[in-house]
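Q: A structural model of the following input is requested.
(one chain, ligands or ions: 1)
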Amino acid sequence: MAPSRSTTLLILGASGDLTSRLLLPGIATLLRSQPSRRVEIVGADLRELAAGDWHDRVRTALNVGGAQGAAAKAVLSSTRYVATDATDPVALRALLDSIACDRLVIYFALPPHITELVCGTLEQIGVPDGTILAIEKPFGDSLESARRLNALVTRIVPEERIFRIDHFLGLHTVLNLLGLRFANRLLEPTWDRDGIERVEILYDETVTLEGRAGYYDRNGALRDMIQSHLLQIMALIAIEPIASVGERDLRDAISQVLRAASVVDPVRHSRRARYTAGAVEGRDVPDYVAEEGVDPSLGTETLAEVQVEIANPRWAGVPFILRSGKSLAGVRKRAIVHWKAPAHVPKGLSGRDTPDRFVIDFKPDGFELHLTTNGKGDPFTLEQTVLRGELGGGSLLPYGEVLASILDSDPRLAVRGDAAEECWRIVEPVLDAWRSDAVPMHEYRAGSRGPRGWRTN
Ligand SMILES: O=C1O[C@H](COP(=O)(O)O)[C@@H](O)[C@H](O)[C@H]1O
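A: Sure thing, here's the model as predicted:
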């Protein structure tokens, strides 16, 4: 439901790539599907923008996202950009004072250390009543900094008005995990250590750095994708049945899984690799270390894999393999739940009896159920049959979904503070093992499926 109160979305870090590439198009899809929404957008950043540049960016995003009519016009006519230093108390006070609205959303599209500085300033100067803080990932850059940032932000506004952003929680298939698991009789009875052998959550991308070396080179695949997005997906796959999809039930269940999760042996249960020169989808790609803006001394990985275990009665002993990388041969954004083989297949049935699999595709949204069936030719020969289903993606981009939940003050699609800390706790032993070089850095050719010898499904 569109709120009737006037809301201003103040984007800090507005001149950056995230705002143009993801936030503004997300808002555009929101305005297209819910044209009665009224939101004023104020962009702010250190950088001066040429006159008209901000308007052009907003107009382009609205066109691309298909926003039309009164909603788009209202956004365009009221939007403005302010070049300012949001870490400076006087400048930030002046910026906040210049905004007249019933409710303010401050969106931090900033690196974690700058977010922390700006939050320090906000703590000093205070925020208008009812202000919401929306904070982009990564939330901190270590367990210690996440704890510090959590303590700081909760001194500014209460937890229910802090939205730690993970746009994967706005992916329709990710949300669909709840319906698939809990609104069907079929899956749930086997969704545990007795029925399932292993779970893989893969996010293989063909894209390279896309001009984001400044961000990516300091983070790498483990922090960029696994610490945040893939652990959230894992938690949703593994949660215990919930009484409702209310904020408390859902986020308690997610935290419960994360608290039980760890990489038991970070040296044996993690792998890292970096791409070398090659070609991806017809594009020549240089060595990662030769990419513009990359500092070879940082030793950043572009492909990471960890094996997580969830030490609870449902999942003890079931490996969850989380993997993500860039410049790979093809896009595979999916979770694969591998069932165990049946205890006994009747004698006389022969042939391919690969255990069944449930594949959940994040992009495009869909699922596949791989079942063993009697063969089409010889009825006593087994083969695999794949049932495919589409999961209707809604009209909003994931960022549109997440922004809608912020504007509606519904924190279900945001990461709770304790969960953000748990995700750092899970990956930190791996980062330590990598820092001490206990885990070798492998190489793979850009455009390949990964290093030789890595299992790929
Ligand atoms: O947050 C991020 O996600 C994207 C992948 O998400 P998608 O919605 O574009 O599929 C990833 O490429 C990027 O490095 C990461 O920061």
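Q: For this protein, which residue gets nearest to the ligand?
A: Residue nearest to the ligand within the chain: residue 224 (4.8 Å; C-beta to the nearest ligand atom). In this view, the C-beta of every residue, glycine as well, is placed from N, C-alpha and C.
Q: What strand or helix carries the closest residue to that residue other than its chain neighbours?
A: In this structure, residue 224 finds its nearest non-sequential neighbour in residue 216, 6.3 Å apart by C-beta to C-beta, 6 or more residues apart in numbering. Here residue 216 is covered by helix 213-221, with elements defined by DSSP states H and E.
Q: residues contacting residue 413?
A: For residue 413, the contact set (C-beta atoms under 8 Å, 6 or more residues apart in numbering) comprises 166, 169-170, 401-402, 405.
Q: Closest one of the residues you listed to residue 230?
A: The shortest gap between residue 230 and any of these belongs to residue 166, at 10.3 Å (C-beta to C-beta).
Q: how close does the closest one sit to residue 398?
A: Noted for residue 166: a distance of 9 Å to residue 398, by C-beta to C-beta, to the nearest Å.
Q: again with residue 195
A: 30 Å.
Q: Comparing the two, which shows the higher neighbour count?
A: A count of neighbours by other C-beta atoms under 10 Å puts residue 398 above the other of residue 195 and residue 398, at 24 against 15.
Q: Nearest residue to the more buried one in space, ignoring adjacent ones along the chain?
A: residue 170 is the one closest to residue 398 (C-beta to C-beta, 6+ apart), at 3.6 Å.
Q: Surely the one you found and residue 402 touch.
A: Yes: because the distance of 4.2 Å satisfies C-beta atoms under 8 Å, residue 170 is recorded as touching residue 402.
Q: of the two, who's got more company?
A: Between residue 170 and residue 402, residue 402 has the larger neighbour count (other C-beta under 10 Å), namely 26 against 23.
Q: Strand partners (parallel or antiparallel) of the helix or strand of the chain with the lowest mean pLDDT?
A: Lowest mean confidence among the helices and strands of the chain (mean pLDDT, DSSP states H and E): strand 350-351, at a mean of 81. Strand pairing for strand 350-351, using DSSP bridges, gives strand 381-390 (parallel).
Q: tell me how far the strand it pairs with is from the chain's mean position?
A: 30 Å (C-alpha atoms, centre = their mean, to the nearest Å).
Q: for this protein, which helix is longest?
A: helix 417-435 (DSSP state H).
Q: That one packs against which elements?
A: Judged by 3 or more C-beta pairs under 8 Å, 6 or more residues apart in numbering; DSSP states H and E, helix 417-435 is in contact with helix 143-156, strand 162-165, helix 231-238, helix 247-260, strand 261-262, strand 270-276, strand 303-310.
Q: With distance to the ligand as added columns, please give these in CSV.
A: As requested, these are exported to CSV (distance: least, C-beta to the nearest ligand atom, whole Å):
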stretch, distance to the ligand
helix 143-156, 17
strand 162-165, 9
helix 231-238, 11
helix 247-260, 18
strand 261-262, 20
strand 270-276, 14
strand 303-310, 12
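Q: With mean neighbour count, mean pLDDT and distance to residue 362 as extra columns, can I get these in a markdown table?
A: Formatted as a markdown table, the helices and strands packed on helix 417-435 follow (neighbours: other C-beta atoms under 10 Å; pLDDT from 0 to 100; distance: least, C-beta to C-beta, whole Å):
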| stretch | mean neighbour count | mean pLDDT | distance to residue 362 |
| --- | --- | --- | --- |
| helix 143-156 | 17 | 98 | 25 |
| strand 162-165 | 24 | 98 | 17 |
| helix 231-238 | 24 | 97 | 8 |
| helix 247-260 | 19 | 97 | 17 |
| strand 261-262 | 21 | 98 | 20 |
| strand 270-276 | 23 | 98 | 22 |
| strand 303-310 | 24 | 98 | 17 |
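Q: re the thing from before, just checking: which of the contacts of residue 413 also lie near the ligand?
A: Subset of the contacts of residue 413 in contact with the ligand: empty, counting by C-beta under 6 Å from any ligand atom.
Q: can I get those residues in a markdown table with pLDDT, distance to residue 179 and secondary structure?
A: Formatted as a markdown table, those follow (pLDDT from 0 to 100; distance: C-beta to C-beta, whole Å; DSSP: H, G, I helix; E, B strand; the rest coil):
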| residue | pLDDT | distance to residue 179 | secondary structure |
| --- | --- | --- | --- |
| 166 | 96 | 19 | coil |
| 169 | 93 | 15 | helix |
| 170 | 90 | 15 | helix |
| 401 | 94 | 15 | helix |
| 402 | 95 | 19 | helix |
| 405 | 95 | 17 | helix |
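Q: and which of the residues you listed is nearest to residue 140?
A: Of all the contacts of residue 413, residue 166 has the smallest distance to residue 140: 13.6 Å, by C-beta to C-beta.
Q: hang on, the closest one packs against residue 411?
A: No: using C-beta under 8 Å, residue 166 makes no contact with residue 411, being 11.7 Å away.
Q: pLDDT value on the residue of the chain most remote from its centre, please?
A: Going by C-alpha atoms, centre = their mean, the residue of the chain most distant from its centre is residue 348, 47.0 Å out. Looking at residue 348, its pLDDT stands at 88.
Q: Same question for residue 456.
A: pLDDT at residue 456 comes out at 59.
Q: Correct me if wrong: residue 442 contacts residue 270.
A: No: assessed by C-beta under 8 Å, residue 442 is found out of contact with residue 270, at 11.6 Å.
Q: Burial check on the nearest residue to residue 260 once chain neighbours are set aside, number of neighbours?
A: In this structure, residue 260 finds its nearest non-sequential neighbour in residue 312, 4.5 Å apart by C-beta to C-beta, 6+ apart. Using other C-beta under 10 Å, residue 312 is surrounded by 16 other residues.
Q: Check the contact between residue 312 and residue 262; I expect there is one.
A: No: the criterion here is C-beta under 8 Å, and residue 312 misses it with residue 262 at 11.6 Å.
Q: Name the residues contacting each of these two.
A: The contact lists of residue 312 and residue 262 share no entry, where a contact means C-beta under 8 Å, 6+ apart.
Q: which residues touch the closest residue to residue 390 other than its chain neighbours?
A: Nearest residue to residue 390, sequence neighbours excluded (C-beta to C-beta, 6+ apart): residue 366, at 4.9 Å. Residues near residue 366 by C-beta under 8 Å, 6+ apart: 173, 388-391.
Q: Next: residue 154.
A: So residue 154 contacts 162, 417 (C-beta under 8 Å, 6+ apart).
Q: try 6 Å
A: By C-beta atoms under 6 Å, 6 or more residues apart in numbering, residue 154 lies in contact with nothing.
Q: what kind of secondary structure is residue 74 in?
A: helix (DSSP: H, G, I helix; E, B strand; the rest coil).
Q: Tell me the confidence at it?
A: pLDDT, read off for residue 74, is 85.
Q: burial of it, as a residue count?
A: 16.
Q: returning to what we had before: and for the residue nearest to residue 224, the neighbour number?
A: Quick note: residue 216 (other C-beta under 10 Å) scores 22 neighbours.
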